[in-house]
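Novice: structure of the sequence below:
(chains A, B, C, D, E, F, G and H, ligands or ions: 10)
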Amino acid sequence: MPETKPVLMQGNEACALGAINAGVRFYAGYPITPSTEVAEQMAARLPEIGGVFIQMEDEIASMAAVIGASIGGMRTLTATSGPGFSLKQENLGYAIMAEIPCVVVNVQRMGPSTGVPTAPAQGDVMQARWGTHGDHPIIVFTPASVYESYYLTIAAVNLSQKLRQPVIVLLDEVIGHMREKVTIPEGKLMVEKSSDKVPSDWKPYDEKGLTPLVPFGFGHYYHVTGLFHDQYGFPTGDPPQVERALDRLHNKLEKYRDEIVLTNYIGHKEPRVAIVTYGCTVRSARAVVKKAYWQNRLPVGLLSLQTVWPFPAKEIEALAKQADVIIVPEMNMGQLVGEVERYARGEAKVVPLNRYDGEMISPDQISEEVGRWL
Amino acid sequence: MPETKPVLMQGNEACALGAINAGVRFYAGYPITPSTEVAEQMAARLPEIGGVFIQMEDEIASMAAVIGASIGGMRTLTATSGPGFSLKQENLGYAIMAEIPCVVVNVQRMGPSTGVPTAPAQGDVMQARWGTHGDHPIIVFTPASVYESYYLTIAAVNLSQKLRQPVIVLLDEVIGHMREKVTIPEGKLMVEKSSDKVPSDWKPYDEKGLTPLVPFGFGHYYHVTGLFHDQYGFPTGDPPQVERALDRLHNKLEKYRDEIVLTNYIGHKEPRVAIVTYGCTVRSARAVVKKAYWQNRLPVGLLSLQTVWPFPAKEIEALAKQADVIIVPEMNMGQLVGEVERYARGEAKVVPLNRYDGEMISPDQISEEVGRWL
Amino acid sequence: MVAAKKKSINADIVINRTWCKGCGICIAFCPKEALFMDNSGKAEKVTEKCTACGVCETFCPDFAIALVKRRLYDNAGDKTGPDARQ
Amino acid sequence: MVAAKKKSINADIVINRTWCKGCGICIAFCPKEALFMDNSGKAEKVTEKCTACGVCETFCPDFAIALVKRRLYDNAGDKTGPDARQ
Amino acid sequence: MGNRQEILLTGAGGQGLILASIVMAAAAVDDNKNVVQTQSYGPEARGGASMSGVILDVDTIEYPKVTKPTVLLCMNQASFNKYLPKVGPDCIIIVDSTFVSGSYGEEYKVQSFPITSSAKEVLGKEVVANMLALGVLNAASGLIDREIFRESIFKFAPRGSGELNQKAFDLGYSLYEKGAGQKNGVSAQTPQ
Amino acid sequence: MGNRQEILLTGAGGQGLILASIVMAAAAVDDNKNVVQTQSYGPEARGGASMSGVILDVDTIEYPKVTKPTVLLCMNQASFNKYLPKVGPDCIIIVDSTFVSGSYGEEYKVQSFPITSSAKEVLGKEVVANMLALGVLNAASGLIDREIFRESIFKFAPRGSGELNQKAFDLGYSLYEKGAGQKNGVSAQTPQ
Amino acid sequence: MEQLTQDFLRTKKLPHIWCPGCGNGIVTAALVRAIERTGFDQKDVVIVSGIGCSSRAAGYLNFNTLHTTHGRALAFATGLKMARPELKLFVIMGDGDCSAIGGNHFIHSARRNIDLNAIIVNNHIYGMTGGQHSPLTPTGKKATTAPRGTLEPSFDLLELAKGAGATFGAKGNAAQPRQLEQLIIRAANHKGFSVVEALSPCPIAYGRRNKLGGAVDMLRDMKEKSISVEKAANLDEAELKDRTVNGVLYAIDAPEFAESYYHSIGKEIG
Amino acid sequence: MEQLTQDFLRTKKLPHIWCPGCGNGIVTAALVRAIERTGFDQKDVVIVSGIGCSSRAAGYLNFNTLHTTHGRALAFATGLKMARPELKLFVIMGDGDCSAIGGNHFIHSARRNIDLNAIIVNNHIYGMTGGQHSPLTPTGKKATTAPRGTLEPSFDLLELAKGAGATFGAKGNAAQPRQLEQLIIRAANHKGFSVVEALSPCPIAYGRRNKLGGAVDMLRDMKEKSISVEKAANLDEAELKDRTVNGVLYAIDAPEFAESYYHSIGKEIG
Ligand SMILES: Cc1ncc(C[n+]2csc(CCOP(=O)(O)OP(=O)(O)O)c2C)c(N)n1
Ligand SMILES: Cc1ncc(C[n+]2csc(CCOP(=O)(O)OP(=O)(O)O)c2C)c(N)n1
Ligand code: SF4
Ligand code: SF4
Ligand code: SF4
Ligand code: SF4
Ligand code: SF4
Ligand code: SF4
Ligand SMILES: [Mg+2]
Ligand SMILES: [Mg+2]
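Specialist: Ligands and ions are numbered 1, 2, ... in the order given. Presented below is the predicted three-dimensional model:
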């Protein structure tokens, strides 16, 4: 086998490459800083491999086009940042309701509103969970490195296909724009196309569980709608059916939780002070734990979350039983810390550590806070 | 004084009337069930009192127009439901950032997506808090009766003006469409126009605290932007200024918390089982508590929330110290219950009671659950 | 349901009473005045007047009128009968 | 900064060196070739050639050129001098 | 809450039953009662079924939905078939014999009146069948003061048609006083 | 983490410094180093200031931002004024004497080279000043293997300009070897 | 139609939800007949629609059907068409859906000249939500949000499309269902973006409030006012006042977008 | 200009963020001169803008200035104008801002004929985000999202506006700043929605990638290609190929929306 050589790659570029390697062949988007490089990469690469790149008139249309292409059987991606992510919410909800796979990348920038378009922040974490109206499930990954940007995008594409569920890759400006050394491994990256074998009793929304999406154009005449629908896709307002439909949407994430919820712990086995964080902030936290635990053997640990939604509740419950204090550094005014508090259930003191001036949280800031509780 | 006669009024109508009585003279909207009656009332009444009604091309434009009119000095309102509320998010964030007062009514219907457009639900509670990107504060009222629809809209308009902060009136289909007997009191309903006296050292975003919005057209040449800005309104990306600007947005809500957070407790002084709920579900809960406590003297109580955001954390903390069990009935899969759990801090068992089939939670359902814990 | 057959015309219209909402459009636009509203508010045909021109079929907003080729209608039994479509 | 005065023309152009980004547009479009780029990449005027036609003013994308009436310029002192505008 | 009265008005879209429920609710307000009015919305409202509820009570009304109707009005066959099984034996059931026929269980107290046909034949205006139905309903249930109800009807009627609507209401009273019939085949039978 | 090297390339937008930082980072990868490259974005990029950072380490690089530069390149006056006060006394400071003049504190080790003017005068192409700067910088710091760096430059250069860019890089080495000057008035003085 | 009904309608879903006399059914039937006439393979046909009464048509048509969000049908369709250029897409929209909230996607579809067949059921009103005015409500007409008549000028939809670059524009109505069918056939055969505006009566949310009589009256009126584009060519503006010009108003040859794209990446469609 | 600069520019905010040679400043200066010529009271003038390089102009102009969200400037302006019809609104938008994400508000403003003065700085590119193609990028031209040249047809912005009902449309460019100033004055004096499309060089995000030279070359080219509407009237299509027709292309009298509205509620504006 040929040697796999390391290369220098940008986070946004890695995201685009991951998507392509996971079989994405359709991109529709609208430029916005700091996500634009994802589009630009796609614009350069997709035409070369027979894929479709289209720049739509706005983010709403981009989201719609991506869903349309998915129904046509393509693997799809769109990328944006806060203002565009807000605009995509209505159609994102449609994809969830109609169970159309697609991956939405949000490279976060400093908000609210136009904010500071070029400054990093992690202010869209709660929006990623609750941005569209109505009860809906969602999967959200938060890469902390260029390499994670690559492989979590792959995971997003594959999970999205398997579960027929939109998945969000929530990058931040730091990871999206940074370049670092990565080694892209060889190997199979695409899960089986779920629609390859269509069972004879196929129903588009089979109540029994996961059912493949059979693309339009193959003679299976079914209906797709954002209304509540029965297992054939036809509208219904009948209360028991509505309830079943909503349960169906949530149960699939419940059932595959272990494939979805990715976390990573480093540090002391019985930490007195634990850090919980995600995205670029993981890097500062890791620098701190490396020094505190690896060098100085202090009872400190770090649970980094690659998946923030569905929330790793079990993991936090377990951690709260171990640690006295859980520090949650976030580049916002305190978002995910609320969930940590909820699942700590009073068993550990939960301490938010926030920065929201458009700069990264530094290792010094974290280690100062850790020091306070040791 | 003439006798104030009771009348039959619909929740949506009461909302429109409340707005008008609080001085709203501008409505821009786009029709959507089950909110359309608010627009229709405005279309009928505003032209008669010299106000402006305009139906815009979509919800995005409606939100924009309302902000534009507010900058012109008018008190403004727009109304929508889930899909439209999703579309308004980007510009709602703008209003928050630029501190432009306006009231947004969301008459919730069953989602996600198109859902069941005519069925009631309370599925947009978390979206109302987190729907737009970036860290942002928000005020959300949840009327439980036609009369509350009236007076909470008035409160919304006045608070919005005072704090230069968008306020959301989160109705649900039941309250919005229901008609009931109400008595509309006489009296002054508008807070002083904050821009009546412009101090000589006026700054549009004075760092010292609340500062009136001086409408355009009066010779104060300032800049309004959704970018982070200094106290004169000009863009800045300077970290300390950015942090101060975000603090400023959140501090005003903190400072006026007692005017904003409205709750109401009925029932036993030291309840063993407490119910916490909002919107139409309050009615079912009240029926239960009336019977359980007023008739049967059982240790049951109800904390109903007229304000769900900022979350009544203190009230929940206090309640959790009293009650063994807190039941949270919601017409969704469990949204606000997360916050209740967070602030119960393990002191009381928090039990969600959810219904999401497009029907109201009945008193029987609640009393059954209450019975289980008594 | 009225499914009339007439000599020299090799098609018939059939009216699906379950789908008909009694809007009266077919009646108004039938060039032969071959349709009327029955007591229960459904369209009905005067067999003799109808020339099977098909105008009513194109006008019915409820897909309730179908022009059926004689042969087809005769042979296909209940597959083409209006009851099959409910 | 160059603020020239010339007989028989009752206005002058002044170039604000702080605002000038050296794009060269004024130089290219001056009908009299009265402008040139100095060593530090800022536009400068050849006093004699300029007729105060104002073309450069309308072309400068940086608001860096202003046609100043003599009287105004002479009287207003540093108020109208380019330094006042920084 | 023993005074809670739940009235369900059912029929087809276009029969004016939502308006009827509003008029009734407004009359109840004028009659100093607590009242809540609700209705079912839906794309079904396009020519399909129509259902609205009025709840009256001396007490404050909390839960606004009708669960056990004490009075049921059925203005078409589909609604009769749908709602009959949902009411208890004490419910006052009024049907429009113009559209409703068929049999029902003996345990139900069904009273049948030619509501729409009378509106058409006696008053020459089918559109006032809804007000006529309110007359029958109020005569049968005695829920609201008749005079107050009449005035409410006048207030809500489109300009110029106040008296016609009141006449329809009165005609409802007359029909009721004449007594319910089993016309058009609405007959008490064990359900099939 | 004692091996961490933080290089800061600063100047004006349009001078190609972001590209230079990428080329340097890519060369570091080829030289088997861990590397992270970042840059400041902003509307300022429109003709304003440009700043990019390269971090090298044998260890995994966690925190990706430059905090204490070990090497600083200043290609214009504004950046020199801005970043000089932010570096420590051990920092290698390289300035382009074409644009930078003025005085600075004695504690700084400032080395001044006619980077842009040499590119223009010697190679006839101002645009390769960025690669020339990399030559100076690498010569001064010895961070990356010279040959590997040269190859990286070739790979990144627009088609047909590989050799020119390499020449510029080499010229940087020559300038460095000739020694830094205080040309154009960059002089060590106590800051005013 | 008998066989057509069986094949192309989801008969189990009937009767439909539309009001008695609603023109949506007439337009839908014309569409079904037109599709049959084109000879397109049923499995290649996709119906996309937005949200509104007319958009509910998708649910009754026995093809792959995509009922999207309000105003966004063309954007969904653009994605699908680019992914699967061999499919034949018919996009049904209401006047509000297409020209109010969906206006941007409409003009951009026209600009790109992507091969979608837009069928706009113009009932001059928001039917589904009960009668608010739309950008195609004639000035002066009443609506629940214009109780005294709307003051807003309305779009000329086909002029708008043309201004945006559309290459095919036709106008028909429910009172001339055979002609409408023909127009849809021509649109389907046109390569590029095609717009068919179909006037359609909404007796409930529009006719009643504007005292236009019932469905029959509205259809009669539609028919009377209609004049073919050929006849109209000989009349002057005054004579054309209050008339609606029907037929194919423009049809231009221009590169189709999906084809251009696939061509540019060296693929052929099909 | 000296006094103008002092009065109408926020000199403390200068130098601006635009690149050297960017046409935004030329257009902004023309706007300032035009406002001065209209004689409008400074306190009645409002500048509204969207998001983009050109939209940053609002921050440099010494009036009440409203820098909104991307694409939505006209919708904000509509609300403000309806609330305060006596104000004079100038709405600055980039080509992307106006015709991509903002396309719907653009056509609806045109339809309503609301008295807003839209000034579209058309640099044929998304400048702010670094050079993606816009709906006004000429087919074939390169952009970061069209590395091999865009395949998409572009809008004719003034035709689009006209199709939507606009009553005033003019085209100018940064290479003829005096003419542009005149066009803006005429637009400002027009009652109703007016559109001024101002071609403007973006040497950085457009010119460089398309090898159009520097700002000076781009301006020269602009000037050369431009032909006045009067002269163009005598030329045929072939002769007009590759030329841009400048001047007021249409100006029609029609009721203005805010005025109609206020009149309908019995109020006079003023
Ligand atoms: C985002 C959003 N806004 C508003 C609505 C409510 N809505 C549903 S259909 C409709 C308009 C229907 O009018 P039209 O498009 O003309 O179709 P018609 O019903 O007349 O056929 C509206 C406003 C919605 N579903 N989604
Ligand atoms: C909702 C949203 N989408 C995207 C962006 C990113 N964005 C900012 S400006 C711009 C386009 C700028 O192009 P144009 O409007 O032509 O203005 P120019 O910069 O060329 O003057 C884009 C896409 C944004 N700020 N908001
Ligand atoms: S087929 Fe022709 S003649 Fe016969 S009923 Fe229909 S329209 Fe009348
Ligand atoms: S047109 Fe159709 S629905 Fe109407 S009356 Fe005739 S058969 Fe019935
Ligand atoms: S004023 Fe006229 S002549 Fe003088 S420098 Fe400017 S353009 Fe040249
Ligand atoms: S046009 Fe203005 S910015 Fe450009 S060189 Fe001349 S003075 Fe300087
Ligand atoms: S409301 Fe109008 S458009 Fe909708 S179904 Fe009824 S008649 Fe048709
Ligand atoms: S990128 Fe283009 S439009 Fe933006 S400031 Fe630079 S030259 Fe001007
Ligand atoms: Mg319509
Ligand atoms: Mg542009």
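
Novice: number of nearby residues for the nearest residue to residue A:323 once chain neighbours are set aside?
Specialist: Closest residue to residue A:323 in three dimensions, ignoring its sequence neighbours and counting by C-beta to C-beta, 6 or more residues apart in numbering or on different chains: residue A:274, at 3.9 Å. In this view, the C-beta of every residue, glycine as well, is placed from N, C-alpha and C. Here the neighbour count serves as a burial measure; for residue A:274 (other C-beta atoms under 10 Å in any protein chain shown) it reads 28.

Novice: show me how far stretch G:149-166 is from its chain's centre.
Specialist: For stretch G:149-166, the distance between its averaged C-alpha position and the chain's averaged C-alpha position is 14 Å (C-alpha atoms, centre = their mean, to the nearest Å).

Novice: same check on stretch A:312-326?
Specialist: On C-alpha atoms, centre = their mean, the centre of stretch A:312-326 falls 22 Å from the chain's centre.

Novice: sketch out the helices for the stretch 151-300 of chain A, chain order is fine.
Specialist: Taking DSSP state H, counting those that start in this stretch as the test, the helices found in the stretch 151-300 of chain A are A:173-177, A:239-255, A:257-260, A:281-289.

Novice: do the second one and chain E meet?
Specialist: No: counting by C-beta under 8 Å from any C-beta of the partner chain, no contacts exist between helix A:239-255 and chain E, the nearest distance being 12.4 Å.

Novice: returning to that earlier point: bridging across strands, which residues link to the residue nearest to residue A:323?
Specialist: residue A:301, residue A:326 (DSSP bridges).

Novice: quick one on the thing from earlier: want to try a markdown table for the helices of the stretch 151-300 of chain A, with mean neighbour count and distance to residue G:268 as columns?
Specialist: As requested, these are exported to a markdown table (neighbours: other C-beta atoms under 10 Å in any protein chain shown; distance: least, C-beta to C-beta, whole Å):
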| stretch | mean neighbour count | distance to residue G:268 |
| --- | --- | --- |
| helix A:173-177 | 29 | 37 |
| helix A:239-255 | 18 | 38 |
| helix A:257-260 | 14 | 39 |
| helix A:281-289 | 26 | 48 |
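
Novice: among these, which comes closest to ligand 3?
Specialist: helix A:239-255 (39.2 Å; C-beta to the nearest ligand atom).

Novice: what pLDDT does the closest residue to chain E within chain G get?
Specialist: Of all residues in chain G, the one sitting closest to chain E is residue G:19 (4.3 Å; C-beta to the nearest C-beta). At residue G:19 the predicted local distance difference test score is 94.

Novice: any idea how far it lies from chain B?
Specialist: When C-beta to the nearest C-beta, to the nearest Å is the yardstick, residue G:19 and chain B sit 16 Å from each other.

Novice: likewise residue G:54?
Specialist: Per C-beta to the nearest C-beta, residue G:54 is found 15 Å from chain B.

Novice: ok, that residue - contacts?
Specialist: Under the criterion of C-beta atoms under 8 Å, 6 or more residues apart in numbering or on different chains, the contact list for residue G:54 reads G:24, G:27, G:92, G:93, G:94, G:97, G:121, G:123, G:127, G:200.

Novice: now with 7 Å, please.
Specialist: For residue G:54, the set of contacting residues under the criterion of C-beta atoms under 7 Å, 6 or more residues apart in numbering or on different chains consists of G:24, G:92, G:94, G:121.

Novice: most surrounded residue in those residues?
Specialist: residue G:94 (33 neighbours).

Novice: wait, that one sits on residue G:118?
Specialist: No: Residue G:94 sits out of contact with residue G:118 when judged by C-beta atoms under 7 Å, with a separation of 11.7 Å.

Novice: follow-up on the earlier one: take the contacts of residue G:54 and keep only those in helices.
Specialist: Restricting these to those inside helices, with DSSP state H as the criterion, leaves residue G:24.

Novice: looking at chain C, what residue ends up closest to ligand 2?
Specialist: residue C:61 (41.4 Å).

Novice: which residue packs closest to that residue, ignoring adjacent ones?
Specialist: For residue C:61, the spatially nearest residue (C-beta to C-beta, 6+ apart) is residue G:25, at 3.1 Å.

Novice: follow-up on the earlier one: what strand or helix carries the residue of chain G closest to chain E?
Specialist: Taking DSSP states H and E as the definition, residue G:19 sits outside all helices and strands.

Novice: my guess is it contacts residue G:204. True?
Specialist: Yes: applying C-beta under 7 Å, one finds residue G:19 in contact with residue G:204, separated by 4.6 Å.

Novice: list the contacts of residue G:60.
Specialist: Applying C-beta under 7 Å, 6+ apart to residue G:60 gives the contacts G:9, G:10, G:13, G:14, G:16, G:28.

Novice: residues near the first one, how many?
Specialist: Neighbour count of residue G:9, defined by other C-beta under 10 Å: 20.

Novice: with the last one instead?
Specialist: Close neighbours of residue G:28, defined as other C-beta under 10 Å, add up to 29.

Novice: quick check, it in a helix?
Specialist: Yes: with the criterion set as DSSP: H, G, I helix; E, B strand; the rest coil, the secondary structure at residue G:28 is a helix.

Novice: skipping its backbone neighbours, what lies nearest it in space?
Specialist: Distance criterion C-beta to C-beta, 6+ apart; nearest residue to residue G:28, sequence neighbours excluded, is residue G:57 at 4.5 Å.

Novice: which of the contacts of residue G:60 sits closest to chain D?
Specialist: Relative to chain D, the closest of the contacts of residue G:60 is residue G:28; by C-beta to the nearest C-beta it sits at 56.7 Å.

Novice: how near is that closest one to ligand 1?
Specialist: With distances defined as C-beta to the nearest ligand atom, to the nearest Å, the gap from residue G:28 to ligand 1 amounts to 11 Å.

Novice: repeat for residue E:77
Specialist: As defined by C-beta to the nearest ligand atom, residue E:77 lies at a distance of 28 Å from ligand 1.

Novice: wait, what's in contact with the nearest residue to that residue once chain neighbours are set aside?
Specialist: Closest residue to residue E:77 in three dimensions, ignoring its sequence neighbours and counting by C-beta to C-beta, 6+ apart: residue E:100, at 5.3 Å. Residues in contact with residue E:100, defined by C-beta under 7 Å, 6+ apart, are E:74, E:76, E:77, E:80, E:186.

Novice: equivalent analysis for residue E:141, please.
Specialist: Applying C-beta under 7 Å, 6+ apart as the definition, the contact partners of residue E:141 turn out to be E:71, E:92.

Novice: phi, psi of it?
Specialist: Backbone torsions for residue E:141, taken as degrees, to the nearest 10, come to phi -100, psi -20.

Novice: in the chain, what spans have low per-residue confidence?
Specialist: Defaulting to chain A. Across chain A, residues meeting the criterion (pLDDT under 70) sit at A:1-3, A:187-196.

Novice: hmm, I had chain E in mind actually
Specialist: Within chain E, the segments meeting pLDDT under 70 span E:1-2, E:41-47, E:181-192.

Novice: and the helices in it?
Specialist: Secondary structure of chain E, counting by DSSP H: helices at E:17-30, E:77-83, E:115-123, E:129-141, E:146-156, E:162-178.
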